[in-house]
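In: the sequence isn't on hand, but the structure is:
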Ligand SMILES: Cc1cc2nc3c(=O)[nH]c(=O)nc-3n(C[C@H](O)[C@H](O)[C@H](O)COP(=O)(O)O)c2cc1C
């Protein structure tokens, strides 16, 4: 289970880059600015939030804790953020809406069966979800070799290795054995149920539509009249096209390095997309955020907010809803302290002047000068 969450595609080069590239940016503190109060508030797709951090969509979260996505959603919402529920979640849309009724977006993939996509969107609308996210970087499953090595599937099989691993974590394993959530809650009848176990790769390759194209974004735009975001964009021209079609937000993301390995880190792709989109849409950063300083850098480079994936899943696995909330709170506390030490009173005031690329040329900020940090 840990490998399913922690792992990424290929040699996991991009997954590492997502995090390491934050280290190529320096923060530029301002002195003597009175930081006795710090304001982290912003708006995301028109909705006021307490912090510029969203819970990223993660499928099959019930594998790490019986509460599944409900635990992360509640933890994130309680901390003042928005949760993005994956269509591949263990919990259903209705379960999450009932148990964690705070602000939630729904993320969808394009199943070959468009009827299922239409149904999910109708259910999200009925549940009062605020926005829809289309993830565009999974025409097929990425090569996640840890999962291949472990024989990972839905529902998971018990192997000698997983049994031995489970014995070393008896508390966690007791929850795992008792849990009912080992399949995709919203699409339980599409395979991957107890009577029809499949590898995640086979599920994705059989169920998702690799012909996914701009026409499908157009189709979704017509189907959903609320705010729409496109997740999995790395090129500025793709961002521009998404906005032309009517997307209200672009999420710069390489799926946490879980799809194509050796692509650019999300943070290095961010400035180009921000430049291209201008004021036409909001831009979000997704991937590699592990510290409050990472959030501050992304917001300074033009992200409206950051999405955080694995850290919240680790928190949930360690201590349920309280663990997910704790992971979120650590990031928030670090972000508040970062702004304090930076001399920036409001997260909304962060811009390219507060960050630069590492090196002797870091004054004045290249980001402020030409909109690119030159990673
Ligand atoms: C266990 C796991 C499951 C994921 N499932 C989905 C999913 O169903 N839909 C999606 O758009 N992204 C999915 N992602 C990608 C995340 O939304 C996000 O892009 C990524 O985790 C961000 O990187 P980070 O983990 O470094 O924060 C998943 C990621 C993980 C770790």
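Out: It's in. Keep in mind that what you see is a predicted model, and the values were worked out from it rather than measured. Residues are numbered from 1 along each chain as shown.
In: switch to C-alpha atoms for all contacts and neighbour counts from now on
Out: OK.
In: near the ligand, which residues of this structure are found?
Out: Contact residues, the chain versus the ligand (C-alpha under 6 Å from any ligand atom): 4-5, 56-59, 86, 88, 135, 253, 255-256, 286-289, 308-310.
In: which ones among the residues you listed lie within strands?
Out: Per DSSP state E, strands hold the following members of these: 86, 135, 253, 286, 308.
In: what pairs with the last one across the strands?
Out: In other words, residue 308. residue 55 (DSSP bridges).
In: now for it: which residues touch it?
Out: Going by C-alpha atoms under 8 Å, 6 or more residues apart in numbering, residue 308 touches 53, 54, 55, 56, 286, 287, 288, 289.
In: in CSV: these, plus neighbour count and pLDDT.
Out: What follows is the contacts of residue 308, written out as CSV (neighbours: other C-alpha atoms under 10 Å; pLDDT from 0 to 100):
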residue, neighbour count, pLDDT
53, 30, 98
54, 26, 98
55, 29, 98
56, 26, 99
286, 30, 99
287, 26, 98
288, 30, 98
289, 27, 98
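In: all strands of this structure, in order?
Out: 25-27, 42-44, 47-49, 53-55, 82-86, 104-108, 131-135, 153-154, 198-199, 228-233, 249-253, 282-286, 305-308, 355-357.
In: can you list the ones you listed in TSV and add distance to residue 144?
Out: What follows is these, written out as TSV (distance: least, C-alpha to C-alpha, whole Å):
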stretch	distance to residue 144
strand 25-27	29
strand 42-44	32
strand 47-49	34
strand 53-55	22
strand 82-86	19
strand 104-108	21
strand 131-135	18
strand 153-154	12
strand 198-199	11
strand 228-233	17
strand 249-253	17
strand 282-286	19
strand 305-308	20
strand 355-357	32
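In: closest to residue 35 out of these?
Out: strand 25-27 (16.4 Å; C-alpha to C-alpha).
In: got a list of what residue 299 touches?
Out: Residue 299 neighbours (C-alpha under 8 Å, 6+ apart): 305, 306, 347, 350, 351.
In: which of the residues you listed lies closest to the ligand?
Out: Ranked by distance to the ligand (C-alpha to the nearest ligand atom), the contacts of residue 299 are led by residue 306 at 8.7 Å.
In: where does that closest one land on pLDDT?
Out: pLDDT, residue 306: 98.
In: try residue 132
Out: In this model, residue 132 carries a pLDDT of 98.
In: any idea what it is bridged to?
Out: residue 106, residue 228.
In: what residues are up against it?
Out: Contacts of residue 132 by C-alpha under 8 Å, 6+ apart are 105, 106, 107, 108, 121, 224, 226, 227, 228, 229.
In: again, 6 Å this time
Out: Applying C-alpha atoms under 6 Å, 6 or more residues apart in numbering, we find residue 132 in contact with 105, 106, 107, 228.
In: and the helix ranked longest in the chain, what does it pack against?
Out: Ordering each helix of the chain by length in residues (DSSP state H) puts helix 310-342 first. Counting contacts by 3 or more C-alpha pairs under 6 Å, 6 or more residues apart in numbering; DSSP states H and E, helix 310-342 is packed against helix 69-78, helix 292-300.
In: deepest-packed of these, please.
Out: Mean neighbour count, computed with mean count of other C-alpha atoms under 10 Å, is highest for helix 69-78 among these, reaching a mean of 28.
In: what packs against that one?
Out: helix 310-342.
In: what sits against the residue most central in space within the chain?
Out: Centroid check for the chain by C-alpha atoms, centre = their mean gives residue 56 as the closest residue, at 2.6 Å. When contacts are counted by C-alpha under 6 Å, 6+ apart, residue 56 touches 84, 307, 308, 309.
In: and for the last one, the neighbour number?
Out: Counted by other C-alpha atoms under 10 Å, the residues lying close to residue 309 total 21.
In: hey, where'd the helices end up in the stretch 101-250 of the chain?
Out: 114-126, 145-150, 160-167, 170-178, 200-207, 214-223, 236-245 (DSSP state H, counting those that start in this stretch).
In: let me have those helices in TSV, extended by mean neighbour count.
Out: Output for those, formatted as TSV (neighbours: other C-alpha atoms under 10 Å):
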stretch	mean neighbour count
helix 114-126	16
helix 145-150	16
helix 160-167	12
helix 170-178	13
helix 200-207	18
helix 214-223	15
helix 236-245	18
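In: in this structure, which helix or strand is least confident?
Out: Sorted by mean pLDDT, DSSP states H and E, the helices and strands of the chain end with helix 366-370, the least confident at a mean of 49.
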